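A.B. asks: Dropping a prediction and its sequence here:
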Amino acid sequence: MSGAATGETAGVEWRLAAPLGLTYLAFFAAPLLILLVMSFSVDDNLGGFSLAAWAKFWGDPFYRGVVWDTLRLGLVTVAMTTLFAYPIALLFIASGPGLQRLLLFIVLLPLLTSVVIRTFAWIAILSREGVLNQALLALGLTTAPLNLLQTELGLVIALMQIEMPLMLLPLITVMRQVDPSLSDASRALGGSKWRTFRKVILPLSLPGWIAGATLVFASATTAFISQTVIGGARLVYLPTLIWQQAMVVYNWPFAAVASVTLLVAVLAGVSLFAMLGRFARTTA
Amino acid sequence: MPSPDLALPSDLQSQPLTLDAISHSYGESLAVDQVTLEVRAGELIALLGPSGCGKSTLLRIVAGFINQTSGRVVIADRVVDTLPPNRREVGIVFQSYALFPHMTVAENIAYGLEARGESKATCRERVKEMLATVRMEGFADRKPRQLSGGQQQRVALARALAVRPRILLLDEPFAALDKNLRLDMQIEIKRLQRQFGLTAILVTHDQDEAMSIADRIAVMSKGRIEQLGSPVEIYDQPETLFVNDFIGSSNRFAGVVESAGEGTYGVRLASGALWQVASRKPFAPGDRVVATIRPEQLVLTDQATAGTIPVTLKLSLPIGGELIHDVETGAGEAFKVAASRRPGEPVSPMAATHCALAPHARPVLFPQPAA
Ligand SMILES: Nc1ncnc2c1ncn2[C@@H]1O[C@H](COP(=O)(O)OP(=O)(O)OP(=O)(O)O)[C@@H](O)[C@H]1O
Ligand SMILES: [Mg+2]
């Protein structure tokens, strides 16, 4: 009896985690290991040892360019979602329960539709004859239709809408927990609205932003469908490259190198945001 | 020691604050109803009232966080209604203290000074001075979560006072403190308010707090000010039954006015006793009234006279230095009598058959409420 009691107080019951742990081991860690071994193999039978695939990937400026483009796509998408998420989050915090429900519904809408439908909808909006160009032409803001499809700008616009909930939900959750009298205190002490945002709300919302930025970055860099459908053949990112190499060219070791690179790139981005957050928190 | 180039608190001119017929409704519901209140320069007024009577709303209107539906806020002859909160020079201390959790104590205190564009040197100087004022030297580099409730309260005060506000608003600043600390902080706030010559409004629903700290008390109910007066006036001469019941404890007796003359009325109570009661309110013979009397203005006796009520003693409880007697009339009306307790006096047995007004007693008359 005393054993059970100390077991309870001494720590968590680790055996409860066993099912999930084993599942992870079998379906996550093991494939990763195979992937890593594959990238050093001669062919897709995991036979032999060779650095050829790695040398080919990193020796070619085109592939290095793909890595850089992928990272940049993630960073730009994070920056743009941040830019739009903060005003929406501030509006959400300031509004009453009715408007909050409506806003939340609009924000969640992208999550409730299939990624394929969302992406094709964006084609209808962004194409030369699309809604956006029609509107710009009608307003006289441009004389010739803008080319948005198959450009990074168009892709970022589409990704931004799709990833917005991932940024907004953690942001709103954290900002809702910030005591509203902190803003009042700042205002009463002579702080302008902008100062109140910069010095009080922004630093206190950082944990939410870090979570959101991490999700958006990880999701934007790996958004295969949006990248291929909107980016088309002109824009190549790592997920597209992996798919081509694995399913079209059947060069599995090379695809494995690209996969490992993507994984490391995403992890690097994610830890960058965590570091940024910690840095901003200590200096704010 | 504050350096000579800093504005010394004593240089500051106290300024009056006037609320002129302020009303505010949230949508349909009226939260503040035609409140007019003149706070004199350097005066501390306590807003006292039950939960939901509109105290915080009124304070938020003065601070500029919400715009009143109608009425004006005037600070020293200047209507401030169009000024945003950051230009009103009104300091506010919240119940939750609202210290910025990601800043140190010093940064918290410097916040308002930096917002005003004061130089680094001035900020440092003033922070030091304010820390000394609230006796928190040595805590400059702590984060708010590393402080006790009372310490956080002091920092919140220092932060509000660092920018030398003209008006100080306090919204239940002691609610989160335990009793002893509360008393310390009350004294502290009173001291700082005097020292800085601040015109202040303190919101509370603790009547003892209002009585001890305020120059005048405004008792609020349902968005209106029921009575404004000094603590003694409010206690001794409540104008309405609501104020009478809300402040201190008191006994109610139903009765009928029998005779009227020169501001004194003969009131026949239901128990048959006849009380002579002075009142500034006019009554006519035959009016049904309620006479109220504080427990400490009644005494127990065993001699019957015209003004005594026959009672039976139910219970006697020693509460601190007082002895509270729970008594009942023949008709079943229960009320309380308080007497100061002599040390060593036996608590229970007392041969009392009647209850009389003490010599200094001042019963108060109200018209019988309608319902
Ligand atoms: N933001 C709001 N929206 C709608 N109604 C509100 C809002 N804030 C307060 N009220 C209502 O206005 C009335 C007055 O509220 P207020 O907060 O001023 O009361 P209070 O006297 O400060 O009460 P307490 O002692 O509980 O703090 C209440 O009936 C309350 O329900
Ligand atoms: Mg309140």
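C.D. replies: Received, thanks. Ligands and ions are numbered 1, 2, ... in the order given.

A.B. asks: Grab the nearest non-local neighbour of A:Ala185.
C.D. replies: B:Ala98 (4.1 Å; Cβ to Cβ, 6 or more residues apart in numbering or on different chains). For glycine as for every other residue, the C-beta is placed from the backbone atoms N, C-alpha and C.

A.B. asks: Could you count how many residues lie near the one you found?
C.D. replies: A count of nearby residues for B:Ala98, using other Cβ atoms under 10 Å in any protein chain shown, gives 26.

A.B. asks: On the three-state scheme, it is what?
C.D. replies: coil (DSSP: H, G, I helix; E, B strand; the rest coil).

A.B. asks: Tell me the spacing between it and A:Leu182.
C.D. replies: 5 Å (Cβ to Cβ, to the nearest Å).

A.B. asks: re the thing from before, got a list of what the residue nearest to A:Ala185 touches?
C.D. replies: Contacts for B:Ala98 (Cβ atoms under 8 Å, 6 or more residues apart in numbering or on different chains) come out as A:Asp179, A:Ser181, A:Leu182, A:Asp184, A:Ala185, B:Ala156.

A.B. asks: Would you format these as JSON lines with pLDDT, neighbour count and secondary structure included?
C.D. replies: Listed next are these as JSON lines, based on pLDDT from 0 to 100; neighbours: other Cβ atoms under 10 Å in any protein chain shown; DSSP: H, G, I helix; E, B strand; the rest coil:
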{"residue": "A:Asp179", "pLDDT": "93", "neighbour count": "16", "secondary structure": "coil"}
{"residue": "A:Ser181", "pLDDT": "93", "neighbour count": "17", "secondary structure": "helix"}
{"residue": "A:Leu182", "pLDDT": "96", "neighbour count": "21", "secondary structure": "helix"}
{"residue": "A:Asp184", "pLDDT": "95", "neighbour count": "19", "secondary structure": "helix"}
{"residue": "A:Ala185", "pLDDT": "96", "neighbour count": "29", "secondary structure": "helix"}
{"residue": "B:Ala156", "pLDDT": "94", "neighbour count": "26", "secondary structure": "helix"}
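
A.B. asks: Intersect those with the contacts of ligand 1.
C.D. replies: By Cβ under 6 Å from any ligand atom, no member of the contacts of B:Ala98 lies near ligand 1.

A.B. asks: Looking at the residues you listed, spot the one nearest B:Arg78.
C.D. replies: Comparing the contacts of B:Ala98 against B:Arg78 with Cβ to Cβ picks out A:Asp184 as the nearest, at 21.8 Å.

A.B. asks: Okay, domains of chain B per the record?
C.D. replies: With domains defined by automatic domain parsing, chain B comprises B:4-89+B:164-244, B:249-367.

A.B. asks: any idea of the mean pLDDT for the longest one?
C.D. replies: Throughout domain B:4-89+B:164-244, pLDDT has a mean value of 90.

A.B. asks: ranges for the helices of the stretch 101-250 of chain A?
C.D. replies: A:115-126, A:131-138, A:152-177, A:180-188, A:193-196, A:202-221, A:224-231, A:238-243 (DSSP state H, counting those that start in this stretch).

A.B. asks: Which of the residues in the second one are classified as buried?
C.D. replies: Meaning helix A:131-138. A:Leu132, A:Asn133, A:Leu136 (16 or more other Cβ atoms under 10 Å in any protein chain shown).

A.B. asks: for the last one, same thing?
C.D. replies: In terms of neighbour count (16+ other Cβ under 10 Å), helix A:238-243 has its buried residues at A:Leu238, A:Pro239, A:Thr240, A:Leu241, A:Ile242.

A.B. asks: residue contacts, the last one?
C.D. replies: So that's A:Ile242. Contacts of A:Ile242 (Cβ under 8 Å, 6+ apart): A:Ala255, A:Ala258, A:Ser259, A:Leu262.

A.B. asks: For the third one, what is the enclosing helix or strand?
C.D. replies: Which is A:Ser259. Counting by DSSP states H and E, the element that carries A:Ser259 is helix A:252-283.

A.B. asks: report the angle between the axes of that helix and helix A:202-221?
C.D. replies: Using axes from the mean of the first three to the mean of the last three Cα atoms, to 10 degrees, the inter-axis angle of helix A:252-283 relative to helix A:202-221 is 170 degrees.

A.B. asks: now helix A:252-283, how far from the centre of its chain.
C.D. replies: For helix A:252-283, the distance from its own C-alpha centre to the chain's C-alpha centre is 11 Å (Cα atoms, centre = their mean, to the nearest Å).

A.B. asks: what would the domains of chain B look like in TSV with mean neighbour count and distance to ligand 1?
C.D. replies: Output for the domains of chain B, formatted as TSV (neighbours: other Cβ atoms under 10 Å in any protein chain shown; distance: least, Cβ to the nearest ligand atom, whole Å):
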stretch	mean neighbour count	distance to ligand 1
domain B:4-89+B:164-244	18	3
domain B:249-367	15	20
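
A.B. asks: For chain A, find the nearest of the ones you listed.
C.D. replies: Among the domains of chain B, domain B:4-89+B:164-244 comes nearest to chain A, with 4.0 Å by Cβ to the nearest Cβ.
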